[in-house]
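> Got a sequence here, can you model it:
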Amino acid sequence: MWEAEGFIEEHPRKTPEEVSSNYFAQLIDRNLLQPVIHRDTGELKACQVHDLMRDIAIHMFKKENFAAILTNRRNNFEEVQRRLAIQNTAIDIPGSMPELNPRSLLLFNDQEFPSSSFCRMFSKFKLLRVLDLEGTKIKILPNEVGGLIHLRYLSSRRTQIEELPVSFQRLHNLQTLDVRDSHLKGLPTGIELLTKLRHLNLNKFRAGRRFYKMPKQTASLSNLQTLSGASVDGGFSRELGYLTQLKKLTIGEVKGEDCRQLCDSISQLKWLRSLKIVGLGYDQELNLQELSQPPQYLEKLHLVCAMKEFPQWIGSHNCLRCIALTNCQFVKDPLITLGQLPNLVSLCLNNAYVGKQIYCTSVGFPKLRTLIITDMEELEEWSRLEEGTMKSLQYLVIGSCPKLKMLPDGFQHLAAMQQLYLVGMPEEFMKRARGGGDDHLKVRHIAEIRTFREVGGKYISVLL
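Residues are numbered from 1 along each chain as shown. I've put the predicted structure just below:
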């Protein structure tokens with residue numbers, strides 16, 4: 001949004017995203033924003049604003065004529081407003097609104113919004129740069145949106161919009177398109193003409209969410225830095241190699257025969273920092289050993305697919321900080337290799353291993369803060385933890401491992417542990433962890449231990 005507004009100064013050696021991240025950090029350092037830290041990774045994920053700071057900001061909006069907030073149907077404005085926010089109570093558009101000609105329009109409205117209002121607005125707001133419709137109950141985006149030739153940021157996230165109009169291809173200045181969690185059925189014709197696109201957020205990966213087929217000329221979108229929710233179907237795996245500026249990539253519907261070309265293309269993405277690959281169905285086996293030259297700055301990796309062998313390149317990629325392996329069903333224990341990664345802070349293993357025993361090497365996982373082990377139906381034993389192993393671990397989840405009988409010996413050495421969550425574990429395992437049980441001495445130093453059991457389709461939490 002800042003970039004779309006033109007707030008970001010050009011820098012000879014930094015991208016606008018890097019400059020804006022620096023601005024964000026400065027606002028936090030000055031206590032103007034309150035950071036929201038991701039529990040699993042320790043990363044900065046979002047921000048909050050204190051009530052007092054919000055009141056000051058609104059006062060400055062009015063004093064500097066910077067922005068206006070429309071809160072009821074009686075709002076009228078005497079001066080031109082460059083930025084406008086419409087809140088829930090503003091059901092009707094005031095008569096003076098078409099003359100405001102704002103640069104940014106943000107809607108915070110979960111009531112049904114008539115499409116006729118948008119037609120009237122779009123026909124007048126010719127200088128609009130930012131349009132945020134997130135969460136608005138709108139089903140049709142009118143064709144008039146194609147007339148907003150200065151538009152740089154468009155979000156229809158969590159709306160009921162099923163298709164984007166044909167005129168969409170006229171938005172040649174568009175930099176960000178966010179349609180996550182919307183009802184969109186497919187990308188509009190001509191989206192490959194929007195060559196200034198930098199962030200294309202189609203969908204997060206969740207069960208039942210679709211991936212979108214990309215156009216044949218995707219290579220023209222060479223400025224893309226974010227692409228999430230793209231399907232590999234239709235030859236996209238070859239086009240992907242031309243998107244060399246990508247830093248974040250989520251792709252799905254990957255088939256076994258796509259792997260060689262896909263790995264070749266990913267190796268061309270030298271700036272990539274986050275990669276998520278989802279196979280086409282649980283029975284689709286992928287071979288990612290072909291990725292002999294992974295992007296050197298890769299920090300986050302999420303694989304959702306069956307694989308016979310653990311990709312060896314993962315174990316030698318020292319930049320990796322977050323790894324999630326889902327439905328991989330490895331035959332060999334992946335912890336032996338993953339424990340050697342010096343910067344790994346978050347590891348999630350969900351149905352990732354079909355063996356009976358897991359083992360952590362001595363002094364392994366030096367920076368790991370979060371470990372999640374779930375849905376390992378054959379797991380029977382977690383071997384002894386030596387002192388110094390997982391010395392930074394704070395948060396552990398063990399769930400749906402029906403054959404696992406006990407916590408590992410040496411568990412008491414995990415001195416940094418703060419939270420232990422046990423989800424759907426067998427009663428024998430739970431008895432040992434409770435007060436008076438054989439494993440109680442291993443866990444008594446942990447501040448919070450919770451168990452979760454399923455009752456009537458819902459999980460109920462109990463504090464031990």
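
> From here on, just use CA atoms for contacts and neighbour counts.
Will do.

> ok, Arg83 touching Pro102?
Yes. In this structure, Arg83 is within contact of Pro102 by C-alpha atoms under 8 Å, at 5.3 Å.

> Now do the same for Phe7: helix, strand or coil?
Look at Phe7: counting by DSSP: H, G, I helix; E, B strand; the rest coil, its state is coil.

> How many neighbouring residues does it have?
11 (other C-alpha atoms under 10 Å).

> contacting residues for it?
By C-alpha atoms under 8 Å, 6 or more residues apart in numbering, Phe7 lies in contact with nothing.

> Can you tell me how far it is from Gln48?
Computed with C-alpha to C-alpha, to the nearest Å, the distance linking Phe7 and Gln48 is 20 Å.

> Any idea what Leu177 is bridged to?
Taking DSSP bridges as the rule, Leu177 bridges to Leu154, Leu200.

> now Leu70
Beta-bridge partners of Leu70, as defined by DSSP bridges: Ile86.

> Would you check that it makes contact with Leu84?
Yes. Taking C-alpha under 8 Å as the definition, Leu70 is a contact partner of Leu84 at 7.2 Å.

> contacting residues around Cys48?
Check again: residue 48 is Gln, not Cys. Leu33, Gln34, Pro35, Val36.

> and the closest residue to the first one other than its chain neighbours, backbone torsions?
The reference is to Leu33. The shortest distance from Leu33 to any non-neighbouring residue, by C-alpha to C-alpha, 6 or more residues apart in numbering, is to Val49 (5.4 Å). Backbone torsions of Val49, given as degrees, to the nearest 10, read phi -120, psi 130.

> and Val49, what pLDDT?
Val49 is assigned 94 on the pLDDT scale.

> any idea how far it lies from Phe24?
13 Å.

> just Glu378 next, same as before
Distance, Glu378 to Phe24, by C-alpha to C-alpha: 46 Å.

> Repeat that for His199.
According to C-alpha to C-alpha, His199 stands 18 Å off from Phe24.

> Look at Arg158 and say how many residues are nearby.
19.

> so it sits in a helix?
No. Secondary structure of Arg158 (three-state DSSP): coil, not part of a helix.

> quick one: contacts for it?
Arg158 neighbours (C-alpha under 8 Å, 6+ apart): Glu134, Gly135, Thr136, Val179, Arg180, Asp181, Ser182, His183.

> quick one: contacts for Ser123?
Ser123 touches Glu144, Gly147, counting by C-alpha under 8 Å, 6+ apart.

> Okay, Pro35 and Arg170: tell me how far apart.
Counting by C-alpha to C-alpha, the gap from Pro35 to Arg170 is 38 Å.

> List the buried residues for stretch 19-36?
Val19, Ser20, Phe24, Leu32, Leu33, Pro35 (16 or more other C-alpha atoms under 10 Å).

> ditto for stretch 56-74
Ala57, Phe61, Ala67, Ala68, Ile69, Leu70, Asn72.

> what about Lys137, neighbour count?
If we define neighbours as other C-alpha under 10 Å, then Lys137 has 18 of them.

> Now it. Nearest residue, chain neighbours left out?
Glu112 (4.7 Å).

> So for the one you found, what's the pLDDT?
For Glu112, pLDDT reads 73.

> Next: the one 4 residues further on.
The model reports Ser116 with a pLDDT of 73.

> So it lies in a helix, does it not?
Yes. Under three-state DSSP, Ser116 sits within a helix.

> and the gap between it and Ser20?
Separation of Ser116 from Ser20 (C-alpha to C-alpha) stands at 36 Å.

> what's downstream of the strand or helix carrying Lys442, the next helix or strand?
Lys442 belongs to helix 440-443 when assigned by DSSP states H and E. Using DSSP H and E, the next helix or strand after helix 440-443 towards the C-terminus is strand 448-455.

> so of the buried residues of stretch 19-36, which ones are in helices?
Within those, residues falling in helices by DSSP state H are Val19, Ser20, Phe24.

> Turn those into JSON lines, columns for pLDDT.
As requested, those are exported to JSON lines (pLDDT from 0 to 100):
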{"residue": "Val19", "pLDDT": "95"}
{"residue": "Ser20", "pLDDT": "93"}
{"residue": "Phe24", "pLDDT": "92"}
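
> Can you measure across stretch 194-214, start residue to end residue?
OK, stretch 194-214 end separation, C-alpha to C-alpha: 13 Å.

> now it, how far from the centre of its chain.
How far stretch 194-214 lies from its chain's middle: 12 Å, per C-alpha atoms, centre = their mean, to the nearest Å.

> TSV please, covering the buried residues of stretch 56-74 and showing pLDDT and secondary structure.
Rendered in TSV, the data for those read as follows (pLDDT from 0 to 100; DSSP: H, G, I helix; E, B strand; the rest coil):
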residue	pLDDT	secondary structure
Ala57	90	helix
Phe61	86	helix
Ala67	87	coil
Ala68	84	strand
Ile69	83	strand
Leu70	81	strand
Asn72	66	coil
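
> show me the contacts for His353.
Wrong residue type there; residue 353 is Tyr, not His. So Tyr353 contacts Cys328, Gln329, Phe330, Val331, Lys332, Asp333, Pro334, Met376 (C-alpha under 8 Å, 6+ apart).

> Tell me the spacing between it and Thr374.
10 Å.

> same check, this time on Leu335
Taking C-alpha to C-alpha, one finds Leu335 at 14 Å from Thr374.

> which of those two has more neighbours?
The neighbour comparison of Leu335 against Thr374 (other C-alpha under 10 Å) goes to Thr374, with 22 against 18.

> so what's that one scoring on pLDDT?
pLDDT, Thr374: 97.

> That one: what's it in contact with?
Thr374 neighbours (C-alpha under 8 Å, 6+ apart): Leu349, Asn350, Asn351, Val397, Ile398, Gly399, Ser400, Cys401.
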